[in-house]
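S.K.: sequence first, predicted model second:
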Amino acid sequence: MARIAHLSDIHFGAHDPKIVAATEDWLRERQPDLVIISGDLTQRAKVEQFREASAYLSRLRAAGFPTLVVPGNHDVPLYDVVRRFAAPLDRYKRFIDDDLCPWFENDDVAVLGINTARSMTIKDGRINRDQIAMVGKRFAAVAPAKTRILVTHHPLFAMPIGEGGELSEAVGRHRDAVEAVAEAGVHLALAGHFHRTYAEAALKMVETAGDVLVMQAGTATSTRLRNDELQSFNWIHARRFDEVELQVIAWDGTQFKRGSHERFTHDGNIWAAQTVIEQRDLQK
Ligand SMILES: [Fe+2]
Ligand SMILES: [Fe+2]
């Protein structure tokens, strides 16, 4: 089994320092096998903000945790137009990771990160043909018993984002991406961007989505909340390729606590939530 902490949208520059420190305390206590951060490490892609994000990652790595990080749309400079188009992820590469498609593999899981942040679109993401080809290539060599996990900042699928059930835009070129993900036998698709936690079988949202279980993380440490949902991150136990537990670890104003706990199993056709071990209550 792999125990994975999935944090997203940490937004240094619009972060709460005491919540940042609380994530570190929580992680040190639980000792995850992997810490994933699915983008928006900074608020405005400023050097100072990247320095803080880099120091945070260094502290996690010094504590002994492998990390896998992808950039988000906030990690591309918004107002510095020259930098935005000439070298959109220059600072990300300098301070965070030169590799925009990181890979992690151990005895239980294989995890691929894909960069969906682009300079042409302010907030929507995109995936290109080389990245789509890479999804197939990287997972082809993985032993069948391992849980295959894909990490992006922008979700590949349209997500419910409002109270009225409105759906978000899916990532650009998502039809090809969804097909590649299904062909590669990806089990879990992790993303962020909406500052909202959510887990659902992709097949219920997109007919061609294959066997993917979608897990969205909220914002772990940003002070900018959506729909009054408090800061949170996902604590994932990938037990087998067909059994995953998700605990949403939510900030309650003073500490991180378990907000909900669900077990998902795959019956050969689709993922389904088997047990709601605790009800979720993530509203303010
Ligand atoms: Fe964000
Ligand atoms: Fe974002």
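M.R.: That came through, no problem. Ligands and ions are numbered 1, 2, ... in the order given.

S.K.: and T152, what does it touch?
M.R.: T152 makes contact with S38, G39, V70, G113, I114, T116, G125, I127, V171, A189, L190, A191, according to C-beta atoms under 8 Å, 6 or more residues apart in numbering. Every C-beta, even on glycine, is put in place using the N, C-alpha and C of the backbone.

S.K.: can you map out the strands along the stretch 51-200 of the chain?
M.R.: With strands called from DSSP state E, counting those that start in this stretch, the stretch 51-200 of the chain shows them at 67-70, 103-105, 109-113, 147-151, 188-191, 198-201.

S.K.: where in the stretch 1-150 of the chain is pLDDT low?
M.R.: 79, 81-86, 119-124 (pLDDT under 70).

S.K.: residues from it in reach of ligand 1?
M.R.: Contacts of the stretch 1-150 of the chain with ligand 1, taken as C-beta under 5 Å from the ion, map to D9, D40.

S.K.: around ligand 2, pick out the residues from the stretch 1-150 of the chain.
M.R.: Within the stretch 1-150 of the chain, the positions lying close to ligand 2 (C-beta under 5 Å from the ion) are D40, G72, N73.

S.K.: could you dump these into a markdown table with neighbour count added?
M.R.: Shown next, in a markdown table, are these (neighbours: other C-beta atoms under 10 Å):
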| residue | neighbour count |
| --- | --- |
| D40 | 28 |
| G72 | 30 |
| N73 | 21 |
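
S.K.: got the residues you listed as a markdown table, with distance to K204 columns?
M.R.: A markdown table is the format used below for those (distance: C-beta to C-beta, whole Å):
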| residue | distance to K204 |
| --- | --- |
| D40 | 26 |
| G72 | 25 |
| N73 | 26 |
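
S.K.: quick one: which of these is nearest W103?
M.R.: G72 (18.8 Å; C-beta to C-beta).

S.K.: what separates Q31 from ligand 1, distance-wise?
M.R.: For Q31, the distance to ligand 1 (C-beta to the ion, to the nearest Å) stands at 27 Å.
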